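Enquirer: With the input below, show me the fold.
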Amino acid sequence: MNLSTLILLGVGWHTAQPEWRLSGQIHSHHELIIVLRGGQYVELDGLVCKAGAGDAFWFPEGVAHTEWADLCDPVESVFISLKWQKLPKSFSRQVSDTEGRLAQLARWLYDERKSDPSLAQPIAGALAGAIVAEYFRLAARPPHPLVSRMRKHLRQHLDEPLTLGDLAVASGLSKFHFVRRYSALTGRTPMEDLRLIRLTAARDLLLTTALTLKEIAPRCGLGDEFHLGRVFRRHFKIPPGAVRRKR
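Expert: Numbering: from 1, shown residues only. Below is the predicted model:
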């Protein structure tokens, strides 16, 4: 993939109201939307689909699209404007960011933009290139539908006390078959994957917000700051506060 002609034009953070709607949008640049929380609907190439946390959309230059908020769960997203002469002719307009890499990179890029509005620093361009490369990696190797669906469900209900029984019901499989199938596809049990997603979400909030541990823990379903600190150190081998200081 040739990213030498990729130009980052801008990046922004969007928090929608329930009545938010953009109809018939046509841009003179490419736009990449990475959904962080909530949900929205997208109409592109004559198809309507629902986007939620863990989804990303690519709106090509000159192609009309419409976006509107989910009335019950308005979207929060990062949008990135790009110019790129080497865009592949055929690729998926939607990918599922099951590992959360796009979301993390997008947060870092937005944070960089706040420190340098001109986006002239080399790190901003490097982050944009990494985001595009990750998008097309996901487009070329989409995750198994069960993994994609379940990880999206986990992120959407991260602050809830989920049990294995809850996840099995959401998967549509018996508890036994769900655990066996999910473990074979991911190398982790569903509850191990949930714990990793929660810890990664907590780390992301430490790196990209000023929220306290007391505020972060319940958002990520990790109880209180004491439990968060204990499991964080066990997994990452470093205290949460040290991660923030190293930022």
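
Enquirer: Mind pulling the model confidence for the residue most central in space within the chain?
Expert: Of all residues in the chain, the one closest to the mean position by Cα atoms, centre = their mean is A103, 3.5 Å from it. In this model, A103 is scored at 89, pLDDT.

Enquirer: Isn't it up against D97?
Expert: Yes - distance between A103 and D97: 6.0 Å, which falls inside the contact criterion (Cβ atoms under 8 Å). For every residue, glycine as well, the C-beta is placed using N, CA and C.

Enquirer: State the distance from the residue located most distally from the centre of the chain to S148.
Expert: If you look at how far each residue of the chain sits from its centre, by Cα atoms, centre = their mean, the farthest one is F176, at 29.1 Å. Counting by Cβ to Cβ, to the nearest Å, the separation of F176 from S148 is 22 Å.

Enquirer: Give me the common contacts of A103 and D97.
Expert: Contact with both A103 and D97 is made by residues 34, 54, according to Cβ atoms under 8 Å, 6 or more residues apart in numbering.

Enquirer: Does G62 touch I26 like I think?
Expert: Yes - using Cβ under 8 Å as the test, G62 is close enough to I26 to be in contact (6.2 Å).

Enquirer: which residue ranges form the strands in this protein?
Expert: Listed in chain order, the strands found in the chain under DSSP state E are 7-15, 21-25, 30-37, 39-44, 47-52, 55-59, 65-69, 76-83, 94-96.

Enquirer: The third one packs against which elements?
Expert: Going back to what we said before, that points to strand 30-37. When contacts are defined as 3 or more Cβ pairs under 8 Å, 6 or more residues apart in numbering; DSSP states H and E, strand 30-37 sits against strand 47-52, strand 55-59, strand 76-83, helix 101-115, helix 122-140.

Enquirer: for the shortest one, same thing?
Expert: In terms of contacts (3+ Cβ pairs under 8 Å, 6+ apart), strand 94-96 is packed against strand 55-59, helix 122-140, helix 145-156.

Enquirer: And the contacts of the second one?
Expert: Residues from elsewhere that reach helix 122-140 (Cβ under 8 Å, 6+ apart): 1, 3, 6, 8, 11, 32, 34, 56, 58, 80, 82, 84, 88, 91-92, 95-97, 101-102, 105-106, 108-109, 112-113, 116, 119.

Enquirer: by how many degrees do it and helix 101-115 diverge?
Expert: For helix 122-140 and helix 101-115, the angle between their directions (axes from the mean of the first three to the mean of the last three Cα atoms, to 10 degrees) works out to 160 degrees.

Enquirer: next one: the last one
Expert: Note on geometry: by the same axes, to 10 degrees, helix 145-156 and helix 101-115 are set 40 degrees apart in direction.
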